[in-house]
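S.K.: predicted model follows, preceded by the sequence.
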Amino acid sequence: MDQDTNNFKLNFKFILIWIILFVGGFIYLITGIAHEALWYDESYSAAIITHSIQDIWKIAGSDSHPPLYFIVLKAISNIFGRTEFGLRIFSIFGVLALSALGVGPVRRIFGKGTGLIYSFIILILPVSLFMGQEARMYTWAAFCVTGCVLYGYLAVSLKKKFDWVMFGTYTVLAAYTHYYALLAAIITNILIFLWTFFKDRQQLKKHVITSCVSLAIYLPWVFMLTGQISRVSKDFWIPPVTGTTIFNTFLYPFTLKFPPLPPLLYYAIPAFTITTFLVVKGFISIVKSRFSTGNAAAFALSIYLLTLLAGIIFSLLIRPVFIERYSVPVIGLLILSAAFGISQFKSSGRMILACLLLLFSVSPFISHINQYRINGPLAEIKSYMKDNIKQDDIFIHTDEHTNGLFTYYFPGHKQFLYQEPGYTPYSGMEAFSPDGSTDRDLTGFMRGHKSIWLVTRIGSPGLSAVNDLLSSGKLNVVGKVERFFITSSQYAFTLRRVEPGENKAKASVYTGTLKVMHKQKPESS
């Protein structure tokens, strides 16, 4: 790398620009952070952090997640609370950290200009906005993977001890944050091993030491990982990977958290096309001019593609383990390649124009994220229950989604996830204890309670359990069924009062009123 120029040195002007960018980015990301309710995955995050760190380790091990995000989120929630804001602010910090890599390792490799472009693009992407406003580990997974790749490249290129230490640190952090981050870190280490083995044997020893130390730190979780792999190999909730899944994956950074249906989905194509053009332009520059810094962009892009390819191939040949949002841990690598492509324009005016075109192309989805609620009609349910819930009310669920959400939004009320014969929950349900429980002893759960609610998610597999409970007479419906639905969300729920049955009652699942809200406004919570 050619680092003997002022292009790589920070000065007051660039520091000021970055400060303005990060402050503006923080204000932009935090605006609307609590404009809608949690969805199920977030309710899991909110539930698991109520337990001790030791229990978080065990519960995460019984599920399909590494524990680090939840452990740190527990500490963060002690400062900011367990509100929607308090739970999600940590993810916004993850976006800012991912963007801040532009000041550090990106600048050291590509220069100040490319670092600034990278930081800007990270902040304006729809994926940064909707994942930044979600209490999940994805923004931090992207930060860890991008840091791992950048410091891995710096370690091999500059041969500094600091970079090797940072490379090992980011490798461990990625492995403990998300399994696709672990996959990307493994691919990165394999490529670096091959490079040092064939091209620079003097660096091979450093890489072996770094890898061994990283593995030793990760070893305590390997035993949990083995059990998780065994469970996933037998049964997992992810549907088969199709051409639509792959298509949506490449559009995912530029669209919505839950990929929309056409024609709305097609609005992401311009942003994808612009990004692809920029990546290709950067690659052409590497081939033509043999920029040494371009090798880092090619290295990052290769890990981005190999990670997605590995997940897709495994899903097609063995068992589905890939969905669109699992691409988020490697999003930073794609943007790194695009930022390098922009830097290859010969004038700063063209660079600015490229950034503005990308911003304009994603603006419809940014507007959509801020304007609409897609997590479901929880505001309407909370409003309804405010006037109807009693202190000793309990809830019966036939779907994990409603069980998690009601555990969070109605604390102190017992929640029961009813399991049909042959049904096994996909999540670690211990996270929702003590209020939440799952069993088949419905009679024991209802004993001593007179005010009982049956909650369902429309369109879920749990509807068969509802039919079983009602048609068999295990439960009798008391009063009408209330259904809640908003037009911008795929989630709709039903609530009905029930009482223990005597094997006589028969009730239709689809009766009652429908609560529909067509014009969406942000929640005030």
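M.R.: Now that the structure is in, tell me what you want to look at. Values in this document were obtained by computation on a predicted structure and should not be read as measured data.
S.K.: quick one: the strand or helix carrying residue 284 to chain centroid distance?
M.R.: For residue 284, the enclosing helix or strand under DSSP states H and E is helix 269-289. Distance of helix 269-289 from its chain centroid, counting by C-alpha atoms, centre = their mean, to the nearest Å, is 26 Å.
S.K.: can you check stretch 337-344 too?
M.R.: Taking the mean C-alpha point of stretch 337-344 and that of its whole chain, the gap between them comes to 26 Å (C-alpha atoms, centre = their mean).
S.K.: give me the mean pLDDT for the top strand by length along the chain.
M.R.: When every strand of the chain is counted residue by residue (DSSP state E), the longest turns out to be strand 475-486. Looking at strand 475-486 alone, the average pLDDT works out to 92.
S.K.: CA atoms only: put that strand into PDB for me.
M.R.: These are the backbone C-alpha positions of strand 475-486, laid out as PDB (Å, rounded to 0.1, in the frame of the first residue of the first chain):
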ATOM      1  CA  LEU A 475     -61.900 -24.200  25.500                       C
ATOM      2  CA  ASN A 476     -65.200 -22.300  25.200                       C
ATOM      3  CA  VAL A 477     -65.300 -18.800  23.600                       C
ATOM      4  CA  VAL A 478     -66.800 -16.200  25.900                       C
ATOM      5  CA  GLY A 479     -68.000 -13.200  23.800                       C
ATOM      6  CA  LYS A 480     -66.800 -12.100  20.400                       C
ATOM      7  CA  VAL A 481     -63.500 -12.500  18.600                       C
ATOM      8  CA  GLU A 482     -61.400  -9.400  18.100                       C
ATOM      9  CA  ARG A 483     -59.000  -9.300  15.200                       C
ATOM     10  CA  PHE A 484     -56.300  -6.700  14.700                       C
ATOM     11  CA  PHE A 485     -54.600  -5.800  11.500                       C
ATOM     12  CA  ILE A 486     -52.800  -2.900   9.900                       C
END
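S.K.: which strands and helices lie in contact with the stretch of helix or strand residue 216 belongs to?
M.R.: Residue 216 is located in helix 201-234, with elements delineated by DSSP H and E. For helix 201-234, the elements it packs on are helix 53-62, helix 138-158, helix 161-175, helix 179-199, judged by 3 or more C-beta pairs under 8 Å, 6 or more residues apart in numbering; DSSP states H and E. The C-beta positions use only the backbone N, C-alpha and C, and glycine is treated the same way.
S.K.: buried residues, it. List them.
M.R.: Judged by neighbour count (16 or more other C-beta atoms under 10 Å), helix 201-234 contains these buried residues: 203-204, 206-207, 210-211, 213-214, 217-218, 221, 224-225, 228, 232.
S.K.: swap in stretch 340-351?
M.R.: Of the residues in stretch 340-351, those scored as buried under the neighbour-count criterion (16+ other C-beta under 10 Å) are 340, 341, 342, 343, 344, 345, 351.
S.K.: hmm, who's touching that stretch?
M.R.: Residues from elsewhere that reach stretch 340-351, judged by C-beta atoms under 8 Å, 6 or more residues apart in numbering: 110-111, 113-114, 117, 277-283, 285, 293-294, 296-297, 354-355.
S.K.: coming back round to it: just checking, next helix/strand downstream of the longest strand of the chain?
M.R.: With elements assigned by DSSP H and E, the helix or strand that comes after strand 475-486 is strand 492-500.
S.K.: parallel or antiparallel, list what pairs with that following strand.
M.R.: strand 452-457 (antiparallel), strand 475-486 (antiparallel) (DSSP bridges).
S.K.: check what pLDDT residue 516 gets.
M.R.: Confidence for residue 516, expressed as pLDDT, is 46.
S.K.: just residue 510 next, same as before
M.R.: 44.
S.K.: ok, residue 100 - contacts?
M.R.: The neighbourhood of residue 100, defined by C-beta under 8 Å, 6+ apart, consists of 22, 119.
S.K.: sorry, wrong one. I was asking about residue 91.
M.R.: Each residue near residue 91 by C-beta under 8 Å, 6+ apart is listed here: 131, 132, 133, 134, 135, 136, 138, 139, 140.
S.K.: and the residues you listed, which is closest to residue 82?
M.R.: Distance to residue 82, by C-beta to C-beta, is smallest for residue 135 among the contacts of residue 91, at 9.5 Å.
S.K.: please look at residue 74 and residue 53 and confirm they touch.
M.R.: Yes. Counting by C-beta atoms under 8 Å, residue 74 touches residue 53, with 6.9 Å between them.
S.K.: quick check: pLDDT value at the residue nearest the centre of the chain.
M.R.: If you average the C-alpha coordinates of the chain and look for the closest C-alpha using C-alpha atoms, centre = their mean, you land on residue 138, 3.7 Å from that point. For residue 138, the pLDDT comes out at 98.
S.K.: so what's it up against?
M.R.: If a contact means C-beta under 8 Å, 6+ apart, then residue 138 has 91, 94, 131, 178, 325, 328, 329 as its contacts.
S.K.: can you check residue 151 too?
M.R.: Under the criterion of C-beta under 8 Å, 6+ apart, the neighbours of residue 151 are 105, 163, 166, 167, 170.
S.K.: filter those to the buried ones?
M.R.: Of all those considered here, the ones buried according to neighbour count by 16+ other C-beta under 10 Å are 105, 163, 166, 167, 170.
S.K.: where does residue 237 land in three-state SS?
M.R.: Following DSSP: H, G, I helix; E, B strand; the rest coil, we place residue 237 in the coil state.
S.K.: go on, residue 177?
M.R.: At residue 177 the chain is in coil, as set by three-state DSSP.
S.K.: count the neighbours of it for me.
M.R.: 27 (other C-beta atoms under 10 Å).
S.K.: quick one: it and residue 70, what's the gap?
M.R.: Relative to residue 70, residue 177 is positioned 10 Å away (C-beta to C-beta, to the nearest Å).
S.K.: also residue 90?
M.R.: Between residue 90 and residue 70 the distance is 11 Å, computed by C-beta to C-beta.
S.K.: now the two most distant members of the buried residues of helix 201-234.
M.R.: Across the buried residues of helix 201-234, the longest distance by C-beta to C-beta is 35.6 Å; it joins 203 and 232.
S.K.: if we can go back for a sec, same for the next helix or strand after the helix holding residue 284, what does it pack against?
M.R.: Moving toward the C-terminus from helix 269-289, the first helix or strand encountered (DSSP H and E) is helix 294-317. Counting contacts by 3+ C-beta pairs under 8 Å, 6+ apart, helix 294-317 packs against helix 105-110, helix 138-158, helix 179-199, helix 269-289, helix 331-343.
S.K.: below-threshold pLDDT in the stretch 401-525 of the chain: ranges please.
M.R.: 503-525 (pLDDT under 70).
S.K.: tell me where the model's unsure across the protein.
M.R.: By pLDDT under 70, the weakly predicted segments of the chain are 1-6, 290-291, 503-525.
S.K.: could you redo the last one with a cut-off of 50?
M.R.: Under the criterion of pLDDT under 50, the regions of the chain flagged as low confidence span 2-4, 505, 507-525.
S.K.: where do the strands of the stretch 351-500 of the chain begin and end?
M.R.: Along the stretch 351-500 of the chain, counting by DSSP state E, counting those that start in this stretch, strands occupy 394-397, 415-418, 436-439, 452-457, 475-486, 492-500.
S.K.: roughly how far is the longest one from the heart of the chain?
M.R.: This points to strand 475-486. Mean-position distance between strand 475-486 and its chain equals 32 Å (C-alpha atoms, centre = their mean).
S.K.: same question, the third one
M.R.: Here the centre of strand 436-439 is set off from its chain's centre by 26 Å, with C-alpha atoms, centre = their mean.
S.K.: domains in the chain, by residue range?
M.R.: 6-371, 378-517 (automatic domain parsing).
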